[in-house]
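Trainee: what would the 3D arrangement of this be:
(chains A, B, C and D)
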Number of protein chains: 2
Amino acid sequence: MSTEVSSGSQPPTIYDVARAAGVSIASVSRVLNDQGNPRADTRERVLQAVSELGFVPDGAARALSARLKEVVGVVVRRPQWHDASMFTDEDENLQFPDMINRGMEIVAQRHGFDLLIRSVDLDEPGAGSRIFALARKSDGIILHDRVLDPDQLDRLARQLPVVTLAGLPTEATANVHGDNDSGMRAVARHLIHDHGYRTLAYVAGHDGSPDSITRGHALAGEARAAGVTLIEGEAWRGSYQAAGGAAAIERLLAAGTAMPRAIVCANDQSAIGVLHALSQHGIAVPGEVAVTGFDDMPVARHLRPQLTSVRQSIQDLGATAFETLYSMISGAGFAARGQDIALPTHLVRRQSCGCDPQPVTPRNA
Amino acid sequence: MSTEVSSGSQPPTIYDVARAAGVSIASVSRVLNDQGNPRADTRERVLQAVSELGFVPDGAARALSARLKEVVGVVVRRPQWHDASMFTDEDENLQFPDMINRGMEIVAQRHGFDLLIRSVDLDEPGAGSRIFALARKSDGIILHDRVLDPDQLDRLARQLPVVTLAGLPTEATANVHGDNDSGMRAVARHLIHDHGYRTLAYVAGHDGSPDSITRGHALAGEARAAGVTLIEGEAWRGSYQAAGGAAAIERLLAAGTAMPRAIVCANDQSAIGVLHALSQHGIAVPGEVAVTGFDDMPVARHLRPQLTSVRQSIQDLGATAFETLYSMISGAGFAARGQDIALPTHLVRRQSCGCDPQPVTPRNA
DNA sequence: GCACGATCGGTAAGCGCTTACTTGACAGCC
DNA sequence: GGCTGTCAAGTAAGCGCTTACCGATCGTGC
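Mentor: Okay, the predicted model is just below:
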């Protein structure tokens, strides 16, 4: 009650600083942005006033004038929780994008940028226009996981720089993704040559996902080359989510389908579901059926059995996406447009493929 | 090559729309913001032009003029990984704030707001000023987990609405947190009365955390009331991170300290570390020592043994924080200032406390 | 001591919107 | 018919910055 909460005490403007320093607003601006050569004492007085008043320039005004918001929009796809309750723990699915975002954020900070994050539900009607609204608050956009159809993507890319993650590059956008092909080939070769498995199945991710398709192709390629049977197709399609993987196995088992010697999953979440379904039916992993994942999420090593997976530096994915976008924003990035950037991946052998149990080891020991 | 990527094709402005519709910019603005009563045909022509041009107002310009950015800044604390040890993938630690943010984001969208996210490393020199910069890009700020000292918090709150999470309310800020007291009391009563344990220890979170303190007080209160021994103090202090919990146990064991019958941890991450350290030393959980966590992160049920914990709706925490901040931003929220809002929690009994094994069930099966 | 060029700093014009104020058209009234 | 009251639509003034432009000031060389 004593110190009246002067909640209205508007933050100081550049005019306040100029007055306090006895100079013009132009000088203040110049000192703050290192433009021109202010005389030492001018600089001094401005800096003094700035720190006394605790002045920080308003973002909107700066953005409007400098035509640079120092914000990049990030759009993640929100899983649909068609099942009953709003907040199921398919939340876990967001762990992957969140880690990518973390990588972006850290790099973004070095350039003074912040991330404006928005999740969209693809089923929702206005999904597209929400993204355009985000775009007008940003200098560039990073799109996770196919959130826009090609037409809209094109229209968006015409307005500002766009980078996609795990998508496809277009004439005007760049794409960043893990090296799915070599990662999956490593899995396939390990299962086929090191373990000698002769029948494999592929639990795909959701329809049309470039990651899932590339991984599937790589797997098929190795299987063909080794003369090994690969089962895939609609019945084996998952959704990148645990529930999808579990449901697929349940369905197949219910239909009396025989399980292959090894089930290769498009990502770790699917593998978790598969593991769960198999254990429900008393099928031993890796004894009867081996299972592998992709992504090597932290949770992979806490599972029983520990999940064999393909590691990609998730944070690097984000960092690279940001750097690419940044180069486009700062104008140097014409070369970046249309690029498809692949980041290295490598196989992490644990128990679920049939390798010996290992102690739980730290991720970066 | 054909369709020249007119990357410079600036997005249309309100002037373009006005020209296309044959009206003044004021009319366009009015139609778009539902101000005044535009004649039907005026409205029609404007809407027509808007959709033809794909016009979306520029965020910065709108913000500057309307004095509303429709952005709220969110600051999370980035854990320091000083120890290059065991749990380097403390990435997982960010899962908790990320889930909270998800809750905010969903609610924010309903009001047309987006979240501007920034993580800060407390050790870093400019940590404070970075937050002020974020503030000037936002209409309000949500602070996770004590990222600002009281003075700076005060100064910030004087400039714009601020809500803290798991902090302490001040004259000008509101705080949102889980109901630590009743959650921890439930844990304590369960261990003491249902299991009959007579010696407990408390692995606290990092120094000064209000959550950790409240939880500790609640535990101590119940222990005292039941005449049960509670060990706590510096030697038992963790850091809210797995590494902290593990290190504490290692230290104690090395010093020959006897373990209590049950170890109550300030959060799940600490419990993970404790579990790990105990298992390294061949101490059976819950047979010899029972362990409990707090937060009920998704990972809690994947551990061996499954972790008994206290559940709080993490997303609700975020949603409530945003709603509170929003009411302050829209001016209605003078009442919100100074409030300390507690959200319900409840005990989830699993194996680590000594309860019977349960099948792994999906969170909301 | 003066003219000239190089600097520094001030003035003012936007950036793309919102909105107070004003104009103009038209209807209703005496 | 002239006057006033209404209401839609236009004009213009900012919002708080950056920066092009220009005038003032200073130092230099003759």
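Trainee: for the stretch 151-300 of chain A, which segments count as helices?
Mentor: For the stretch 151-300 of chain A, the helices defined by DSSP state H, counting those that start in this stretch occupy A:180-189, A:210-226, A:242-254, A:268-280.
Trainee: what's the local residue count around the residue of the stretch 101-250 of chain A found nearest chain B?
Mentor: Residue nearest to chain B within the stretch 101-250 of chain A: residue A:137 (3.6 Å; CB to the nearest CB). From N, CA and C alone the C-beta is placed, and that goes for glycine too. A total of 26 residues lie near residue A:137 under the criterion other CB atoms under 10 Å in any protein chain shown.
Trainee: one step back: give me whichever of the helices of the stretch 151-300 of chain A is most buried.
Mentor: Ranked by mean neighbour count, the helices of the stretch 151-300 of chain A are led by helix A:268-280 with a mean of 24 (mean count of other CB atoms under 10 Å in any protein chain shown).
Trainee: quick one: that one near chain B?
Mentor: Yes - using CB under 8 Å from any CB of the partner chain, helix A:268-280 reaches chain B at residue A:276.
Trainee: low-confidence ranges, the stretch 51-200 of chain A, go.
Mentor: The model of the stretch 51-200 of chain A has pLDDT under 70 over residues A:80-93.
Trainee: spatially nearest residue to residue A:167, not counting backbone neighbours?
Mentor: Leaving aside its sequence neighbours, residue A:167 sits nearest to residue A:175 (CB to CB, 6 or more residues apart in numbering or on different chains; 5.1 Å).
Trainee: would you check how far apart the one you found and DNA strand D are?
Mentor: 31 Å (CB to the nearest atom of the strand, to the nearest Å).
Trainee: ditto for residue A:19
Mentor: Going from residue A:19 to DNA strand D by CB to the nearest atom of the strand gives 12 Å.
Trainee: and that residue, what element?
Mentor: Residue A:19 belongs to helix A:14-21 when assigned by DSSP states H and E.
Trainee: okay, buried residues for that helix please.
Mentor: Buried residues in helix A:14-21, counted by 16 or more other CB atoms under 10 Å in any protein chain shown: A:14, A:16, A:17, A:18, A:19, A:20, A:21.
Trainee: for the residues you listed, which one is nearest residue B:111?
Mentor: Set against residue B:111, the nearest of the buried residues of helix A:14-21 by CB to CB is residue A:14 (29.9 Å).
Trainee: before we move on, the earlier item: can you tell if the helix or strand following the helix holding residue A:19 touches chain B?
Mentor: Proceeding N to C from helix A:14-21, the next assigned helix or strand is helix A:25-33, under DSSP H and E. No - contact between helix A:25-33 and chain B is absent, the nearest approach being 12.1 Å (criterion: CB under 8 Å from any CB).
Trainee: ok, stretch A:51-61 next?
Mentor: Yes - using CB under 8 Å from any CB, stretch A:51-61 reaches chain B at A:54, A:56, A:57, A:58, A:59, A:60, A:61.
Trainee: list only those of these flagged as buried.
Mentor: Among the residues of stretch A:51-61 next to chain B, those classed as buried by 16+ other CB under 10 Å are A:56, A:57, A:58, A:59, A:60, A:61.
Trainee: mind listing what the second one touches?
Mentor: Right, the one you point to is residue A:57. A:14, A:32, B:136 (CB atoms under 8 Å, 6 or more residues apart in numbering or on different chains).
Trainee: the first one reaches residue A:28, doesn't it?
Mentor: Yep, that's residue A:14 we're talking about. Yes - Residue A:14 is within contact range of residue A:28, at 5.3 Å (criterion: CB atoms under 8 Å).
Trainee: contact partners of stretch A:201-215?
Mentor: Residues outside stretch A:201-215 that contact it (CB under 8 Å, 6+ apart): A:145-146, A:166-168, A:177-178, A:180-181, A:183-184, A:216, A:219-220, A:230-232, A:236-240, A:244-245, A:248, A:259-260, A:262-267, A:270-271, A:274, A:294.
Trainee: next: stretch A:108-123.
Mentor: Applying CB under 8 Å, 6+ apart, the contact partners of stretch A:108-123 are A:70-78, A:80, A:101, A:104-105, A:127, A:130-131, A:134, A:137-139, A:147, A:322, A:326, B:71, B:73, B:101-102, B:105-106, B:109, B:114-119, B:130, B:133-134, B:137.
Trainee: the spatially closest residue to residue A:220 that is not a sequence neighbour - how many residues pack around it?
Mentor: In this structure, residue A:220 finds its nearest non-sequential neighbour in residue A:230, 5.6 Å apart by CB to CB, 6+ apart. Here the number of neighbours of residue A:230 (other CB under 10 Å) works out to 19.
Trainee: now do residue A:311
Mentor: Neighbours of residue A:311 under the rule other CB under 10 Å: 18.
Trainee: backbone dihedrals for it, please?
Mentor: Phi and psi for residue A:311, reported as degrees, to the nearest 10, are phi -90, psi 130.
Trainee: where's the closest residue to DNA strand C within the stretch 201-350 of chain A relative to residue A:142, distance?
Mentor: Scanning the stretch 201-350 of chain A for proximity to DNA strand C using CB to the nearest atom of the strand identifies residue A:329 as nearest, at 16.3 Å. Distance, residue A:329 to residue A:142, using CB to CB, to the nearest Å: 11 Å.
Trainee: of these two, who's got more company?
Mentor: Legend: neighbour count by other CB under 10 Å for residue A:329 and residue A:142, higher for residue A:142 (27 against 21).
Trainee: what strand or helix carries that one?
Mentor: Residue A:142 belongs to strand A:140-144 when assigned by DSSP H and E.
Trainee: now do the strands in chain A.
Mentor: For chain A, applying DSSP state E gives strands covering A:71-77, A:114-120, A:140-144, A:162-165, A:174-178, A:199-203, A:229-231, A:262-265, A:290-292, A:309-312, A:340-343, A:345-348.
Trainee: number of residues surrounding residue A:262?
Mentor: By other CB under 10 Å, 28 other residues sit near residue A:262.
Trainee: could you verify my assumption that it touches residue A:289?
Mentor: Yes - shown here, residue A:262 and residue A:289 form a contact pair, counting by CB under 8 Å, at 6.7 Å.
Trainee: now, the buried ones among the residues of stretch A:51-61 next to chain B that are in helices?
Mentor: A:59, A:60, A:61 (DSSP state H).
Trainee: contact partners for the first one?
Mentor: It stands for residue A:59. Taking CB under 8 Å, 6+ apart, we find residue A:59 in contact with A:69, A:70, B:60, B:63, B:69, B:136, B:137, B:138.
Trainee: from residue A:142, how far off is whichever residue of the stretch 151-300 of chain A sits closest to DNA strand D?
Mentor: Going by CB to the nearest atom of the strand, DNA strand D is nearest to residue A:160 of the stretch 151-300 of chain A, at 18.3 Å. As judged by CB to CB, residue A:160 and residue A:142 stand 11 Å apart.
Trainee: against DNA strand D, how distant is residue A:74?
Mentor: In terms of CB to the nearest atom of the strand, residue A:74 sits 25 Å off from DNA strand D.
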